[in-house]
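> got a sequence here, can you model it:
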Amino acid sequence: MPGAACAGLRGRRRRRDGETGPDPREVVSAKAVDETTAMLERVYLEDWLADQWNIPGYRVAAKTGTAQVADGQGGYRSEYLVSVSGYAPASAPVFRDVMSQVLKKYRTVPSGAPAPELPASW
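Below you'll find the predicted structure:
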């Protein structure tokens, strides 16, 4: 993905309120994007879910995560939370375009409220 994630950051961006924001700047090099995508493609091909999440014909980049569930008292329960995040096609992600179509197709009701504010530090 020769810098595709960074290429969209060139030029002035328009905020949702219609105002023009400051000129964006590249915060990740094209080389870093390409190397990270290559690593995440290996995760997709070799991880424990590879057989279950096969999408024939597409290069997919993904990352799995595992976290032990906190018990709320400074310790942990015996349960684990497993997550998967990724994008496809890995060479030119189209997440926004695809998700907007999926949400429309399944008539998903909009959230109705902004995401909650969460602490950045503890």
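> so which residues of the protein form strands?
61-70, 76-87 (DSSP state E).
> tell me the most buried of these?
Of all these, strand 61-70 carries the top mean neighbour count, a mean of 14, counting by mean count of other CB atoms under 10 Å. Using the backbone N, CA and C atoms, a C-beta is placed for each residue, glycine as well.
> residues in contact with that strand?
Outside of strand 61-70, the residues that reach it under the criterion CB atoms under 8 Å, 6 or more residues apart in numbering are 37, 40-41, 43-44, 47-49, 53, 76-77, 79-88, 90.
> returning to what we had before: save the strands of the chain as a markdown table, and put in mean pLDDT and distance to Val28 too.
Rendered in a markdown table, the data for these read as follows (pLDDT from 0 to 100; distance: least, CB to CB, whole Å):
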| stretch | mean pLDDT | distance to Val28 |
| --- | --- | --- |
| strand 61-70 | 92 | 14 |
| strand 76-87 | 91 | 14 |
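> nearest to Ser111 among those would be which one?
strand 76-87 (18.7 Å; CB to CB).
> looking at the strands of the chain, which is closest to Ala32?
Between Ala32 and those, the shortest gap by CB to CB is with strand 61-70, which sits at 13.6 Å.
> how close does Asn54 sit to Leu45?
9 Å (CB to CB, to the nearest Å).
> what's the answer for Ala113, then?
38 Å.
> more crowded one of the two?
With neighbours defined as other CB atoms under 10 Å, Ala113 and Leu45 compare such that Leu45 has more, 13 against 6.
> for the more buried one, what are its contacts?
For Leu45, the contact set (CB under 8 Å, 6+ apart) is empty.
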